[in-house]
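Q: A structural model of the following input is requested.
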Amino acid sequence: PGNYRTQLWDKQSESFLPSTPGLGMHVEVKDPDGKVVLSRQYGSEGRFTFTSHTPGEHQICLHSNSTRMALFAGGKLRVHLDIQVGEHTNNYPEIAAKDKLTELQLRARQLLDQVEQIQKEQNYQRVRGRGRTPPLCPLR
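A: The predicted structure follows:
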């Protein structure tokens, strides 16, 4: 999951203030192969989630669709982004209730997820070791 919130520059106070709800943000996430795993419109703040089965660097792009507001704010927009990755993001009590798992089955699921996460991190380190540069968001 990811959370973000935006702030617009206020000329009068010469500081960043919380954006008005009318500000729109488009969130797009691509996996290392360039496949779009999330493309969605949100407001000035939001929460997004995505699942990817491809190890490696992912591209997360946040685009403001409110250029008029950004220009009104002197062209300055600040985005605070918080990302959580890995198997710890799974809600295991919810999974257990939905799939009617015993405590032992749930623990086995957690262990398998941990092993899968370790494999993903090892693959990521191999890809990173090849000297690939992180992708850039295209300008709009």
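Q: mind checking how far E116 is from L81?
A: Computed with C-beta to C-beta, to the nearest Å, the distance linking E116 and L81 is 25 Å. In this view, the C-beta of every residue, glycine as well, is placed from N, C-alpha and C.
Q: now do S13
A: According to C-beta to C-beta, S13 and L81 sit 24 Å apart.
Q: Show me which of these two is the more surrounded one.
A: Neighbour tally, S13 and L81, criterion other C-beta atoms under 10 Å: the higher count belongs to L81, 12 against 8.
Q: pretty sure that one contacts Y4?
A: Yes. Shown here, L81 and Y4 form a contact pair, counting by C-beta atoms under 8 Å, at 4.7 Å.
Q: Show me the shaky parts of this protein.
A: For the chain, the stretches flagged by pLDDT under 70 are 66-75, 85-101, 106, 120-140.
Q: Show me where it has its helices.
A: Assigned by DSSP state H, the helices in the chain fall at 67-72, 92-99, 103-129.
Q: Can you report how many residues neighbour the nearest residue to T49 once chain neighbours are set aside?
A: In space, and not counting its chain neighbours, T49 is closest to P1: 4.5 Å by C-beta to C-beta, 6 or more residues apart in numbering. As a burial measure, P1 scores 11 neighbours (other C-beta under 10 Å).
Q: who touches P1 in this structure?
A: R47, F48, T49, I83, Q84, T89 (C-beta atoms under 8 Å, 6 or more residues apart in numbering).
Q: closest to G56 among the residues you listed?
A: Nearest to G56 out of those is I83 (C-beta to C-beta; 15.2 Å).
Q: need the contact list for the closest one.
A: P1, G2, I60.
Q: In a markdown table: those, plus distance to W9.
A: Output for the contacts of I83, formatted as a markdown table (distance: C-beta to C-beta, whole Å):
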| residue | distance to W9 |
| --- | --- |
| P1 | 28 |
| G2 | 23 |
| I60 | 23 |
